[in-house]
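> I'll drop the sequence and a predicted model, then ask my questions.
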Amino acid sequence: MKEDLKQIPMRVKELREILEVPVSTIAKRLAVDEDTYCKYESGELDIPISALYEIASVLQVDFTVLLTGESPRMNTQCVVRSGKGVSVDRFKGYSYSSLAFNFIGRTMEPMLVTLSPEKTAPLVTHDGQEFNYVLSGKVKVTVGAREYILSAGDSIYFDPRLPHGQAAVEGQATFLTVINE
């Protein structure tokens, strides 16, 4: 785990303790047992992106606070130059870059996702709606019991309360995801 990524579980634990939110409350909201949640906070297990969103919601903080330790600062626009998004590697073969991390009160989370064909992350669920647009390569998108192979220029909009996930097909792939919660 990169040094900056080690800070995320520490921030989560510190905020939870400051706000006096019991482990059981967050574990229940994430639909995981307390032992698994404690492993998230200790850094023994990577915290899935969907879980980080849910934790931010429970703690009533912006997702950016968990990622960077700082609050967003922009309230009319947020420009993120190429390669300058806040990067998070949560699973082997998955690299996320937040593209609006510095905008206050955003209602959607646009992220650039790069997938390597090495490994498929577990399926996740979360509230809201999700949009994926493939920029390069091929991406297998699983939504519920259905699988779709998308190529550059293809997109999918779906209900993320259904178990879902993405995997690279035939080499590296990059897609834009926009999550509205």
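That came through fine.
> Show me what the longest helix along the chain is in contact with.
Secondary structure of the chain per DSSP state H: the longest helix is helix 3-18. Applying C-beta atoms under 8 Å, 6 or more residues apart in numbering, the external contacts of helix 3-18 come out as 23, 26, 40-43, 47, 52, 55, 59, 61, 65-67, 69, 88-89. C-beta coordinates here come from the backbone N, C-alpha and C atoms, glycine included.
> Which SSE is immediately downstream of that helix?
Remark: after helix 3-18, the chain's next helix or strand is helix 23-30, criterion DSSP states H and E.
> same for that next one, what does it pack against?
Here helix 23-30 touches helix 34-42, helix 49-59, going by 3 or more C-beta pairs under 8 Å, 6 or more residues apart in numbering; DSSP states H and E.
> Out of those, which gets nearest to Pro110?
The closest of the helices and strands packed on helix 23-30 to Pro110 is helix 49-59. By C-beta to C-beta, the value is 13.0 Å.
> tell me the average confidence for the helix or strand following the closest one?
As assigned by DSSP H and E, the chain's next helix or strand after helix 49-59 is helix 63-68. Average pLDDT, helix 63-68: 85.
> And helix 63-68, what does it pack against?
Judged by 3+ C-beta pairs under 8 Å, 6+ apart, the packing partners of helix 63-68 are helix 3-18, helix 49-59, strand 86-91, strand 94-98.
> centre of the chain versus the longest one, how much separation?
Just to be clear, that refers to helix 3-18. Taking the mean of its C-alpha atoms, helix 3-18 sits 16 Å from the chain's own mean (C-alpha atoms, centre = their mean, to the nearest Å).
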